[in-house]
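A.B. asks: Build me a model:
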Amino acid sequence: MSEPRVFHRQVVWLAIAAFVGVLFWRLPHVANRDLVVYETYNALVEVDALVRREFVQPVEDDRLVEGAIHGLLRRLDPYSSYIPATAGDRLARQTTGEYVGIGVEIAPGARGWTVIAPIQGGPAEQAGIRADDALSAVDGVETERLSMQSLEDLLSGEPGSAVRLTVQGVDDPEPREVVVTRSRIHVASVQVADDALSGADLQAVQAAAGIGYLRLAHFHSGTGRELDAALQRLDEKATRGLILDLRSNPGGLMEQALEVLDRFITSGLLLSTVNRRGVVERFEASGGAHWAELPLMVLIDRHSASASEIVAGALQSRGRAKVIGERSFGKGSVQHVIPLREGQGAVKLTVAYYRLPSGRILHRTRANEKTDAWGVIPDETVGVAGRSGARSDEADPVLVRAIEMLSGTDGPPMSRADTGRSLGR
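C.D. replies: Okay, the predicted model is just below:
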């Protein structure tokens, strides 16, 4: 390492120490807290010096700093992470729905990192990866202590390259190894029945006169536009009602969830967020809803998370739709991507919790996970035979039940009044 770089690093740490010393002098009422901070950073400086002096191989400043940031954020929650300046593909995945990878959504679960769902037709699905598979290793690297971003980095790579996964299904007696070839993935945000369903499921929707079906697979920057185009295609068919299928939807951009809600709710509160200081930010309908009178059924399952929970929960909370299926995942926290100075990447940090119009907070924590105080709870719980669209001789019971409720085959057809008119709440 050059002398100027060593000198620069020493000056930085001395400046930090001097700043903390000034805090001691100027703010005696918080001296105890500042002492803890000072001692913590003092230990970090000592470890930094020890590593540079004694570690068996030369080390790079960038790697040490990046590792320290990763470690700090990993202690917060599974959703806060460091995004290096070189990880542009990761941001593209979050905003555009396009990236290079294996086509799988993952989330933390009781069995460790778990597959929410493989993307339909993607490399992971073709290789035999299934929903609810626990992912214990990637190319021999154990995933237990990895952050979400570190795991995504392992799964990403060049198109055509292979990655070896160690996975175990709920009913598998032993883990199995699966080799998946990476490719460029495009996640279609909105699909009509002809594109999303097959077999008995598609036949069930086609036979339901006046009922439309849309699957929302993800919320990225084009979701609102895709939804408008899909609704235009269904305008004449969906005269009696619409099924919004949010099952296995891991979420995405909050702004796009609000755009979806704005198509179906005319006025009033759609969502609010509350931060650590109790500051509440409210998001209201724009008044331009073109399908505010269309009866809605929303399908969710235990893998419906984040933005999909916003849509399902807000439509239910406002009395705008009935929700059926399984209780949702319970990921109701807000992450902001905050750029660091001088091109040093960015930090994705949890800064607030979502709150539905009813006041309910969606987020599941260790403190509330054994209660009913998280997630979206369906109006009617229906057993799941697998993801909607699975190739089977028997139609998905959740989809069938939604069609029954909209068409009135088990009673009077559901009307706009049945989903509630309390738009001012």
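A.B. asks: And the helices in the stretch 151-300 of the chain, which stretches?
C.D. replies: 193-196, 199-207, 223-234, 254-262 (DSSP state H, counting those that start in this stretch).
A.B. asks: so of those helices, which one's packed in deepest?
C.D. replies: Greatest average neighbour count among those goes to helix 254-262 (a mean of 21), per mean count of other Cβ atoms under 10 Å. (Glycine included, C-beta is placed from N, CA and C.)
A.B. asks: what comes into contact with that one?
C.D. replies: Residues from elsewhere that reach helix 254-262, judged by Cβ atoms under 8 Å, 6 or more residues apart in numbering: 189, 216, 219-221, 223-224, 227, 251, 270-271, 283, 285-286, 288-289, 307-308, 310-311, 314-315, 334, 354.
A.B. asks: returning to that earlier point: can you lay out the helices of the stretch 151-300 of the chain as a markdown table showing distance to residue 365 and mean pLDDT?
C.D. replies: Output for the helices of the stretch 151-300 of the chain, formatted as a markdown table (distance: least, Cβ to Cβ, whole Å; pLDDT from 0 to 100):
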| stretch | distance to residue 365 | mean pLDDT |
| --- | --- | --- |
| helix 193-196 | 33 | 89 |
| helix 199-207 | 35 | 93 |
| helix 223-234 | 28 | 94 |
| helix 254-262 | 19 | 97 |
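A.B. asks: if I look at residue 220, how far off is residue 345?
C.D. replies: The gap separating residue 220 from residue 345 is 21 Å, by Cβ to Cβ, to the nearest Å.
A.B. asks: Looking at these two, which is more packed in?
C.D. replies: Higher neighbour count among residue 220 and residue 345: residue 220, with 22 against 14, using other Cβ atoms under 10 Å.
A.B. asks: And the more buried one, what's its pLDDT?
C.D. replies: Note for residue 220: predicted pLDDT of 90.
A.B. asks: Would you list the phi and psi of it?
C.D. replies: phi -120, psi -170 (degrees, to the nearest 10).
A.B. asks: Quick check: it touching residue 187?
C.D. replies: Yes - counting by Cβ atoms under 8 Å, residue 187 is a contact partner of residue 220 at 6.8 Å.
A.B. asks: what sits up against stretch 333-350?
C.D. replies: Against stretch 333-350 from outside (Cβ under 8 Å, 6+ apart): 69, 73, 76-77, 79-87, 91, 94, 149, 254, 273, 351-354, 363.
A.B. asks: Around residue 112, count how many other residues there are.
C.D. replies: 16.
A.B. asks: ok, now which ones touch it?
C.D. replies: Contacts of residue 112 by Cβ under 8 Å, 6+ apart are 134, 135, 136, 143, 144.
A.B. asks: repeat for residue 326
C.D. replies: Residue 326 makes contact with 300, 301, 302, 378, 381, 382, 384 under the criterion Cβ under 8 Å, 6+ apart.
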